[in-house]
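Student: sequence unavailable; structure follows:
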């Protein structure tokens, strides 16, 4: 697979397997370069479907994702459909709400919904063809020949110059990788499951402040709520599977919410809670890492197919979108694109997978602890004193395109420095307090920083 | 699956899938308990085969494996077929040979060959039936029904009360586990490959001292040699794949051996080297970890199918044999055997997989370094002073049945203590030397200890 199709007499065909967010965006990237792009999706055409199947954790769009969208001229279109979030809103047990901003002023996360967004991509470039109802049955890494099964049981063969596997955490394309020697792979399920509950509008308005990620951290479990365009909130309860299973009656649901999330009962509604808790069982969350991302010169994995992450850093979609832009950047500079993509991208995707796993603990346990808040103040104050030398991890990950693995390395380095500085801070604490107290307020407003993702 | 078949009116059938070492031993364990056992093996009956396919790294049998053999009355039979090894023999570049004993006197490793040994198990118990030429095609964790393909293309269905997957690192049984939610899995290939070369006898005798594991540690790569019953040695060269690929002609092979293993050229023979290096490409080595080991009450994984390890601690077969004895012990005490087996065994198998990976670096790099040898002396001296408090890791792993994960925990703890002690040793070095020098010689002979495996 070489960088540009113009060099060849015959136009190259790129097959994108999977029509989710990363597949749809990838189609735009390849179409923009002039390739003929065919997207293959197992599900039926959601534009014609009456009932849209599947579930959707709302997704946070931040800098990396926006940069990728910008590259194919989609940024404004998507951003106008999203709801900006400026801060987290922590709900204590007593119902007290405390905001923790994400970054400096103007640094926001956007909430977007996967299914609607996927459609927005769909017909932007005319040299892109969408094929719904195409379930991948088999494919060859040697010839680029794929066999799809249609709903009537018939099969269809398609040959491509490049197959881009964007078919998600349970990728059918990846199965072929697993059969090969020297393919490194891990899938790790966390002990927590998740369950989605809907918080309806009140008097046609959002039931809580909309421009926040609402968090109820409760140590071993937690709930979050994200706003939707229809003025509802999607509440997601994260809890160990065995805890979910302990609750077997409507009364036990209410009792549980009474104990841990009392402020949400009137907002979700007791009847809805009793009913919706049992609508679907809790869903599993998996973290997938693998390497290499390519086979020969015919196939490459991107998005969740290459690196499913747990959702606790809000970077899953952003990392997938950045895959597209990184691949595109490599096409500009290299002839052997696929090995270079593996070489460059694997360490970064592994780093964000690890960070998301780290945050899985961090978010539940630390967001409301006093020590954690004190540490954020110290980090923040140091960032204020040395804005170039000390950049909070969350800022690097969410508001820059600093390579993920470099962000992690830098974070470890900073942590050592800050540790050292802390000793000085404690040593000279009176002076620091005197010196900082009139200024930290301002710092807190505009520079507040945090490692945790939501 | 309950502990004993006698309680039931109908005799329970146990299907062991995979007729390698762990499968064959497992058959003995279940047969001894009175179950009807059927072993299914993909390959043809090696007793009738003219050419025995497949390769065999020779295997080291130590305490754990022997205990399992003893349990089913096979210990003497196997041990009499093995070659005892009392020590490692380090070959320096200049050809100097230095022995490093494994443990105290009488603590030996035995070398056995997998294929011959497997046959010895085969017909020990009459209620065991061997089925060769049976390739597993599909199976159900719900019903225990398995479908096998025969060499003529026909299929055969067999139903079992328990399916024991002993079908190795690339287990067909495990594929079904991978499709299920909440199954954790990782496969990691190391950058090194291995290649086997044969060192023939000289005047009908071993070309080197037979009761040793010969090691040529060369930092990024190494060679080992193990004795066979026919007076040959199997030399195994471990090297990064890209280094293997750099050597493309017979002259380059000789040049390479001249540079790194000059003492072996006359022993293997220059002509044989030139030829055998290109007989087969270097083979990959994989480390597999997973959890859980069971599905419902119908299927369980053991041996390499559950935990393939890299070969650098010499525990692969021993860990697999210990799986059988651990399962047997659990059958004595529990009704819900399978979940308990997963709970107990997973941390131990993960620990030995990690240790083998750790030794992958340790063996190549440190075995001949002066600092490493000094450290062994210190460990050894401390073990002499405090034989109960300080037990070398290698001793715990190889000469006891201390649970692997406990051995690792204890090692970490000891490491801290020794670190502390070292400071004292250095501080009082003159005194220690004075005190120890007349005694350390004796210690070295009888108590010499080492972390590295071979």
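Tutor: Alright, I've got the coordinates. This is a predicted model, so every value here is computed, not measured. Numbers count the residues shown, from 1 in each chain, chains lettered A, B, ... in the order given.
Student: next up, the contacts around the residue nearest to the spatial centre of chain A.
Tutor: Most central in chain A under CA atoms, centre = their mean is residue A:316, positioned 2.4 Å from the mean C-alpha point. Residue A:316 sits next to A:59, A:304, A:308, A:309, A:356 when contact means CB atoms under 8 Å, 6 or more residues apart in numbering or on different chains. Glycine gets a C-beta too; all of them are placed from N, C-alpha and C.
Student: show me these that map onto helices.
Tutor: Under the assignment DSSP state H, those contribute A:304, A:356 to helices.
Student: can you list the contacts of residue A:316 in JSON lines and add distance to chain B and neighbour count?
Tutor: Putting the contacts of residue A:316 into JSON lines (distance: CB to the nearest CB, whole Å; neighbours: other CB atoms under 10 Å in any protein chain shown) gives the following:
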{"residue": "A:59", "distance to chain B": "22", "neighbour count": "23"}
{"residue": "A:304", "distance to chain B": "15", "neighbour count": "25"}
{"residue": "A:308", "distance to chain B": "13", "neighbour count": "25"}
{"residue": "A:309", "distance to chain B": "15", "neighbour count": "29"}
{"residue": "A:356", "distance to chain B": "16", "neighbour count": "25"}
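Student: from the contacts of residue A:316, which shows the smallest pLDDT?
Tutor: Lowest pLDDT of the contacts of residue A:316: residue A:59, 84.
Student: backbone dihedrals for the closest residue to it other than its chain neighbours, please?
Tutor: Residue nearest to residue A:59 in three dimensions, not counting chain neighbours: residue A:317, with 4.6 Å by CB to CB, 6 or more residues apart in numbering or on different chains. Here is the backbone geometry of residue A:317 (degrees, to the nearest 10): phi -70, psi -40.
Student: and residue A:317, how far from residue A:206?
Tutor: For residue A:317, the distance to residue A:206 (CB to CB, to the nearest Å) stands at 23 Å.
Student: ok, the two, which is more surrounded?
Tutor: Each of residue A:317 and residue A:206 has its neighbours counted (other CB atoms under 10 Å in any protein chain shown); residue A:317 has more, 27 against 17.
Student: per-residue confidence for the more buried one?
Tutor: Per-residue confidence at residue A:317 stands at 94 (pLDDT).
Student: show me what contacts it?
Tutor: A:21, A:22, A:59, A:60, A:61, A:65, A:114.
Student: which strands or helices does the one helix or strand residue A:275 maps to pack on?
Tutor: If you go by DSSP states H and E, residue A:275 is part of helix A:270-276. Applying 3 or more CB pairs under 8 Å, 6 or more residues apart in numbering or on different chains; DSSP states H and E, one finds that helix A:270-276 contacts strand A:184-199, helix A:250-260.
Student: thinking again about what came up before, from the contacts of residue A:316, which is closest to residue A:277?
Tutor: residue A:59 (23.8 Å; CB to CB).
Student: ok, what's across the strand from that closest one?
Tutor: residue A:112 (DSSP bridges).
Student: cool, and residue A:224?
Tutor: With DSSP bridges as the rule, residue A:224 is bridged to residue A:215, residue A:236.
Student: looking at the helices and strands packed on helix A:270-276, which is closest to chain B?
Tutor: strand A:184-199 (3.5 Å; CB to the nearest CB).
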